[in-house]
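Participant: missing the sequence, but the structure's below:
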């Protein structure tokens, strides 16, 4: 169920994505929330860290695990501006995050077209399309600039 | 094609896996090789770091990227004692690793049963079953001990 809180936290993820944009990184941002409190956030840093594993979601999951002092996040919702890739979807599954809210689709690299079954925890739910236009516009602006 | 070098490097990955075992971690190890030289290695550290993303392959990919000073590893072969999970398979794909050699299958969490298409680079090849019995025995010993 989509609520005002989802838009609120997606705007926070968008602010993270804008930080990536400003650092000349593909502009994707993520925020992890539990009990209406942000427990982790991150943005894509693959160029800065020269590390393909440094996606927004991975940074946010590691940060959230540090902040709660445990590697499982079953009460958490992850907000991310773009549909997660296979790697991030796998990490979200391992972390047992129970709710995934993403912005725009990624038809090429998104997990939905690449998985044979849900990569998330069996009890997890996922919804897309929250502030999708704003999330996609940021990506389009970035790739236009790169041409 | 399987050669003596594959067994040689898989034994190195097994040594990494034994380090995980000694640290009370699920015993999986990985080594990344380019030009017959080890450029990265790692073992599972998810408990120690309290971080679900700290799989052997992820550690090895980050280490290899640091060691070569670039995030893509198109000339590299990754050796890992157990069939990679979805997260690690995704990371291997992003890193453009061209050859994946694994030990024993993971029928439950391995990428093969969970993906709809190859998660690796289009030119990459993957083979399993290298020293599979030794790789599996280490896992079985670990889970027996845990009972």
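Facilitator: Perfect, thanks for sending it. Predicted model, so just to flag it, every value in this text is computed and none were measured.

Participant: okay, strands next: where are they in chain A?
Facilitator: With strands called from DSSP state E, chain A shows them at A:29-34, A:37-43, A:77-82, A:99-104, A:125-127.

Participant: could you give the mean pLDDT of the shortest one?
Facilitator: Along strand A:125-127, the predicted local confidence has a mean pLDDT of 97.

Participant: show me what that strand is packed against.
Facilitator: Applying 3 or more Cβ pairs under 8 Å, 6 or more residues apart in numbering or on different chains; DSSP states H and E, one finds that strand A:125-127 contacts strand A:99-104. Bear in mind the C-beta positions are built from the backbone N, C-alpha and C, glycine included.

Participant: contacts for the strand it packs on next, please.
Facilitator: The contact list for strand A:99-104 (Cβ atoms under 8 Å, 6 or more residues apart in numbering or on different chains) reads A:2, A:6, A:9-10, A:13-14, A:76-84, A:92, A:120, A:124-136, A:139.

Participant: now it, how far from the centre of its chain.
Facilitator: From the chain centre to the centre of strand A:99-104 is a distance of 7 Å (Cα atoms, centre = their mean, to the nearest Å).

Participant: in space, what's closest to residue A:74 - neighbours in sequence excluded?
Facilitator: Nearest residue to residue A:74, sequence neighbours excluded (Cβ to Cβ, 6 or more residues apart in numbering or on different chains): residue A:96, at 4.6 Å.

Participant: surely that neighbour touches residue A:78?
Facilitator: No. Contact criterion Cβ atoms under 8 Å: residue A:96 and residue A:78 do not qualify, at 11.1 Å.

Participant: so which of the two has more stuff around it?
Facilitator: Between residue A:96 and residue A:78, counting by other Cβ atoms under 10 Å in any protein chain shown, residue A:78 is the more crowded of the two (31 against 18).

Participant: OK, contacts around residue A:69?
Facilitator: Applying Cβ under 8 Å, 6+ apart, the residues near residue A:69 are residue B:50.

Participant: need phi/psi at it.
Facilitator: Backbone torsions of residue A:69, given as degrees, to the nearest 10, read phi 70, psi 30.

Participant: report the central residue of chain A.
Facilitator: residue A:80 (2.7 Å; Cα atoms, centre = their mean).

Participant: so how far is chain B from the residue nearest to that residue when sequence neighbours are not counted?
Facilitator: Counting by Cβ to Cβ, 6+ apart, residue A:80 lies nearest to residue A:30, which is 4.2 Å off, once chain neighbours are set aside. Distance, residue A:30 to chain B, by Cβ to the nearest Cβ, to the nearest Å: 13 Å.

Participant: report the beta-bridge partner residues of the closest residue to residue A:83 other than its chain neighbours.
Facilitator: Of all residues not flanking residue A:83 in the chain, residue A:110 sits nearest, at 3.6 Å (Cβ to Cβ, 6+ apart). On the basis of DSSP bridges, residue A:110 is bridged to residue A:85.

Participant: contact distance from chain B - what residues of chain A qualify?
Facilitator: For chain A, the residues in contact with chain B under the definition Cβ under 8 Å from any Cβ of the partner chain are A:46-47, A:50-53, A:58, A:61-62, A:65-66, A:69-72, A:85-91, A:93-95, A:113-117, A:119.

Participant: the residue nearest to residue A:80 touches residue A:59, doesn't it?
Facilitator: Yes. Contact criterion Cβ under 8 Å: residue A:30 and residue A:59 qualify, at 7.2 Å.

Participant: now the common contact residues for the two.
Facilitator: Common neighbours of residue A:30 and residue A:59 (criterion: Cβ under 8 Å, 6+ apart): A:40, A:41, A:42, A:43.

Participant: mind listing what the residue nearest to the first one when sequence neighbours are not counted touches?
Facilitator: The shortest distance from residue A:40 to any non-neighbouring residue, by Cβ to Cβ, 6+ apart, is to residue A:64 (2.9 Å). With Cβ under 8 Å, 6+ apart as the criterion, the residues that contact residue A:64 are A:32, A:34, A:39, A:40, A:73, A:76, A:95.
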